[in-house]
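Undergrad: Could you look at this predicted model? Sequence included:
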Amino acid sequence: MRTPRAIWDEWRLRRYEARRRMRDAEEWERATGHKDWGDDRIGTALTAVLTLRESLEARRLSALRPGVELGVTEVEEAWAGMDGGPYAFTLGLLERLRAARLVSIAPADDGRMRLTVPEGLHDRLRSRWPADEEAEWHEQLLDHARLSAQPGGTWLDLPLLAGYWWRNLVWHLWHCDPEKAAALLADPRWQIARIQRFEVRGLLADLALVDSPESRATTSAINKVIGRQDPAALRDPGELAHELLRALGHAGQVAALAVRQPTGLHAVLQLPRFTQDFAMSPDNTWLVAVGRDKHIRIYDVATRSVRLVIPALPEVGCHCAVAPDGSFVMTRCAGEGARAWDAADGEERIPFEAGHVADSVYGPDDMWLAYDAATGDLVNPFTGERRRTKPLARQVGHLALAADGSVLAMGNARGQLGLWDPRTGRRIAELPDHPHAVNRLGMAVDGSWIAIGDVYGIRVLELPSGDERFTLPQRGTDFVTTDDWLAVPDFGRVQIRSIRTGDLLRTLEVHNDNVHECHMSPDRRYLLTMDREGTLIVWDAASVVP
């Protein structure tokens with residue numbers, strides 16, 4: 001039986017809650033001009049999942065572009081601000097809206113979580129937000145974007161990897177200063193920059209915001225160019241940009257596009273954050289990536305889009321390679337044998353007997369060698385042919401092959417090194433033991449030197465003498481070589497150093513996060529660097545050192 005004291009406390013609590021709800025309702029009506037969110041499904045769901053404070057903050061989500069997929073991490077970083085700046089965007093709030101089926105948050109083909117705000121929710125959020133406050137919020141977001149551009153620069157000085165702002169800058173600008181948005185869209189430099197970084201359809205969506213003779217004329221010219229081409233042939237953004245410039249009457253600027261990007265940059269792709277390994281195709285038009293989500297993804301380099309997803313790996317994918325003729329992809333998972341997949345349709349090739357591949361390398365005349373960690377054999381993944389190498393010890397995990405196919409080097413976790421004839425499997429020489437576990441190898445085109453990497457540094461030795469050229473300190477375990485330079489990750493940068501002296505030749509500073517993988521394309525035309533967030537940059541190797 002309840003005591004009088006308990007009954008009194010319960011009554012006081014109910015009265016307090018009733019007064020609080022009344023105050024909240026009055027504050028909400030003063031702030032929005034509405035009594036509530038509405039009595040339909042959207043309004044009822046918003047009322048159920050949001051407190052008053054959250055309701056007032058949630059209105060700012062109407063600044064997100066409706067009906068399009070936005071990367072959750074990318075949006076969070078763009079909205080977070082700096083030094084305690086605007087941060088109304090919270091994953092917790094969006095998760096609750098997703099639970100109420102008001103927004104969509106789901107993985108896309110590229111492995112990233114993508115957010116979509118439906119038009120209906122966007123209209124409801126915006127209807128509870130006065131126009132002047134909405135414009136002020138867009139302006140605050142733009143202030144954050146300005147911080148990422150160069151001091152005193154223009155919007156063309158946005159960082160190359162500021163993908164959210166390249167896609168959505170005009171959207172935010174239009175809501176606080178339509179005249180500036182229209183002027184930016186009319187700038188041919190911005191038009192070409194947008195086309196080269198992202199698909200032309202993104203520019204068309206921006207032009208649709210601006211109802212002016214200039215925007216309509218630009219849209220018409222772009223549609224005529226696209227309409228003359230086979231959609232499947234729209235693979236080269238550079239060529240498309242040149243043709244669009246001519247169509248838009250800016251032929252004089254074709255030779256000097258004002259797209260500000262580092263020398264030698266060829267393409268930027270966004271891979272999943274959990275990517276473990278990637279490899280370029282022989283013709284350099286596509287690449288394959290594997291990682292912790294157990295999917296195999298094939299990307300088109302020119303369009304920067306996912307061409308094919310193969311959800312087939314039983315374990316974490318830790319190695320991948322492309323056949324020298326481009327016909328199939330080889331992958332290997334921890335504890336599993338290598339498997340092969342058709343590069344066109346993703347069908348598995350059976351049988352495939354490459355074994356437990358630890359590493360693989362390419363040589364001339366379609367030479368392709370993989371090391372079977374389970375047996376110690378060199379295997380030709382094309383034919384399954386095996387050559388006994390009698391390695392110094394097990395745990396061989398890293399290979400390097402001279403580009404002329406004359407010498408193959410192997411290194412293992414015990415620091416042991418050896419040189420083999422790749423065509424016969426015969427050992428040529430045994431090098432002095434390395435003081436630490438070998439994590440990466442590189443070799444000259446003619447086998448005249450070898451680069452050996454561990455967790456402490458990189459040593460470059462003359463062959464066959466073993467004399468040391470130089471030693472470089474290293475903060476990671478990755479690097480790649482050409483006949484002229486080394487590419488060495490250094491936190492968020494990549495140092496380009498002379499292979500002869502170790503001197504610093506150039507620093508590539510485009511990545512926004514720590515770089516942890518560097519590869520070369522099979523023909524050594526391109527350098528590929530990937531950071532911890534999965535951003536992969538393709539560099540023209542011939543232009544890396546001006």
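TA: Okay, I see it.
Undergrad: where along the stretch 201-350 of the chain do the helices fall?
TA: Secondary structure of the stretch 201-350 of the chain (DSSP state H, counting those that start in this stretch): helices located at 213-227, 237-247.
Undergrad: For residue 402, which of these is the nearest?
TA: Smallest distance to residue 402 across these (Cβ to Cβ): 33.5 Å, for helix 237-247. Bear in mind the C-beta positions are built from the backbone N, C-alpha and C, glycine included.
Undergrad: hey, what's the one residue sitting closest to the centre of the chain bridged with?
TA: For the chain, the residue nearest the mean C-alpha position is residue 270 (2.2 Å; Cα atoms, centre = their mean). For residue 270, the beta-bridge partners are residue 535 (DSSP bridges).
Undergrad: who are the neighbours in contact with it?
TA: Taking Cβ atoms under 8 Å, 6 or more residues apart in numbering, we find residue 270 in contact with 71, 110, 112, 163, 304, 534, 535, 536.
Undergrad: of those residues, closest to residue 468?
TA: residue 536 (32.9 Å).
Undergrad: And for that closest one, the neighbour number?
TA: Close neighbours of residue 536, defined as other Cβ atoms under 10 Å, add up to 24.
Undergrad: Next: the one 10 residues further on.
TA: Each residue near residue 546 was counted by other Cβ under 10 Å, and the total is 7.
Undergrad: next one: residue 470
TA: Here the number of neighbours of residue 470 (other Cβ under 10 Å) works out to 16.
Undergrad: which ones are touching the nearest residue to it once chain neighbours are set aside?
TA: Spatial nearest neighbour of residue 470, chain neighbours left out: residue 502 (4.0 Å); criterion: Cβ to Cβ, 6 or more residues apart in numbering. By Cβ under 8 Å, 6+ apart, the contact list for residue 502 reads 460, 469, 470, 471, 472, 486.
Undergrad: okay, the helices of the stretch 201-350 of the chain, which one's buried deepest?
TA: Highest mean neighbour count among those (mean count of other Cβ atoms under 10 Å): helix 237-247, with a mean of 18.
Undergrad: did I read that right, the residue nearest to residue 470 in a strand?
TA: No. Looking at residue 502 with DSSP: H, G, I helix; E, B strand; the rest coil, it is coil, so not inside a strand.
Undergrad: Give me the pLDDT for it.
TA: With respect to pLDDT, residue 502 has a value of 94.
Undergrad: just residue 542 next, same as before
TA: At residue 542, the model reports a pLDDT of 92.
Undergrad: and residue 45, what element?
TA: Assigning secondary structure by DSSP states H and E places residue 45 in helix 41-49.
Undergrad: which parts of the helix or strand just after that helix are buried?
TA: For helix 41-49, the following helix or strand on the C-terminal side (DSSP H and E) is helix 52-58. For helix 52-58, the neighbour count (16 or more other Cβ atoms under 10 Å) marks 54, 55, 56, 57, 58 as buried.
Undergrad: residues making contact with whichever helix or strand comes after helix 52-58?
TA: Past helix 52-58, further along toward the C-terminus, the next helix or strand under DSSP H and E is strand 70-71. With contacts defined as Cβ under 8 Å, 6+ apart, strand 70-71 is touched by 64, 112, 113, 114, 115, 116, 117, 163, 164, 168, 270.
Undergrad: export these to TSV and tack on secondary structure and pLDDT?
TA: Below are those laid out as TSV (DSSP: H, G, I helix; E, B strand; the rest coil; pLDDT from 0 to 100):
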residue	secondary structure	pLDDT
64	coil	92
112	coil	84
113	strand	87
114	strand	91
115	strand	92
116	strand	94
117	coil	94
163	helix	85
164	helix	90
168	helix	93
270	strand	88
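Undergrad: Residues contacting stretch 333-351, please?
TA: Stretch 333-351 is contacted by residues 281, 286, 288, 294, 296, 298, 308-310, 312-319, 322-323, 326-332, 352, 354-357, 370, 374, 381 when judged by Cβ under 8 Å, 6+ apart.
Undergrad: buried subset of those residues?
TA: For those, a burial check counting by 16+ other Cβ under 10 Å picks out 281, 286, 288, 294, 296, 298, 308, 310, 313, 316-319, 322-323, 328-332, 352, 354-357, 370, 381.
Undergrad: In strands, which of the residues you listed fall?
TA: Of these, the ones assigned to strands by DSSP state E are 286, 288, 296, 298, 308, 310, 317-319, 322, 328-332, 357, 370.
Undergrad: what about residue 120, is that helix, strand or coil?
TA: helix.
Undergrad: tell me which residues in stretch 468-485 are buried?
TA: Residues 470, 472, 474, 476, 477, 478, 479, 480, 481, 482, 485 are the ones in stretch 468-485 that count as buried (16+ other Cβ under 10 Å).
Undergrad: for that stretch, the distance to its chain's centre please.
TA: Computed by Cα atoms, centre = their mean, to the nearest Å, the chain-centroid distance of stretch 468-485 equals 25 Å.
Undergrad: From the chain's centroid, how far away is stretch 263-275?
TA: Distance of stretch 263-275 from its chain centroid, counting by Cα atoms, centre = their mean, is 5 Å.
Undergrad: nope, stretch 347-364 is what I was after
TA: Counting by Cα atoms, centre = their mean, stretch 347-364 comes out at 26 Å from the chain centroid.
Undergrad: measure that stretch end to end?
TA: 28 Å (Cα to Cα, to the nearest Å).
Undergrad: per-residue confidence averaged over that stretch?
TA: 89.
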